[in-house]
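**Student:** Sequence plus the predicted model coming up.
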Amino acid sequence: MGAITYDIEIPSSIPAAKMFKAVVLDADTLIPKIMPQAIKNVEILEGDGGVGTVKIIHFGEGSQYKSTKHRVDAIDTENLTHSYTIVDGDALAGVLESITYHVKIVATEDGGCICKNRSIYHTKGDVEITEEKIKEGKEKAMQMFKAIEAYLHANSDA
C-alpha cells in the first residue's frame, strides 16, 4: 500500500472559531443546505458526532459518486483541528484503501483565518493517483470552503 499526500491552504476573512464551527461542527447540516448538488445529506451510523463516530455521506445529483462512509478520528475544538478518514464508498474508486483528512483552522492577525487541509490517499498495492485527480480534489475542497465562506458572510448570525 502506498500513500500520496497533498496539502492545501485556503485563506478566509471569517474568524477562525466561526469557520471551524461551520466547516466541522455544523457541516453535516450546513453543507447539504448550501450545496445540495454536492451533498444531499449526512447520517450518523454510529456514535455521537465525536471521535469514533461513523457517518455516511449521500452525495447530491451533481456528484459522480453516490455515497461514502467516514470515521471521525480526532476533533479538538480548542485547537480547531479535525481528522477523519473515508473508509468505504464509491469515492474510493476501487483503487484506494482509504483517504485521511487533517483539517486545522488557524487564526490570522487580520481577524480571518487559514484553513489548512492535508489529504492522504492510501492506495491499494502500487496504484498511482494522477496529478489531474489530485487537482480535481483540491478544486472541490476549495469550492466547498468558499461556498461556506460566502454563506457565513451573507448570514452573519450563522
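**Tutor:** Received it, and whenever you're ready, just let me know what you need.

**Student:** Show me what the lengthiest helix in the chain is packed against.
**Tutor:** Longest helix in the chain by number of residues, with DSSP state H as the criterion: helix 131-154. Packing contacts for helix 131-154, counted by 3 or more C-beta pairs under 8 Å, 6 or more residues apart in numbering; DSSP states H and E, involve strand 2-12, helix 16-20, helix 27-34, strand 113-123. Where you see a C-beta, it was placed from the backbone N, CA and C, and this is true even at glycine.

**Student:** can you do 10 Å?
**Tutor:** With contacts defined as 3 or more C-beta pairs under 10 Å, 6 or more residues apart in numbering; DSSP states H and E, helix 131-154 has these neighbours: strand 2-12, helix 16-20, helix 27-34, strand 96-107, strand 113-123.

**Student:** Paired strands for the last one, with orientation please.
**Tutor:** What that stands for is strand 113-123. Taking DSSP bridges as the criterion, strand 113-123 forms sheet pairs with strand 2-12 (antiparallel), strand 96-107 (antiparallel).
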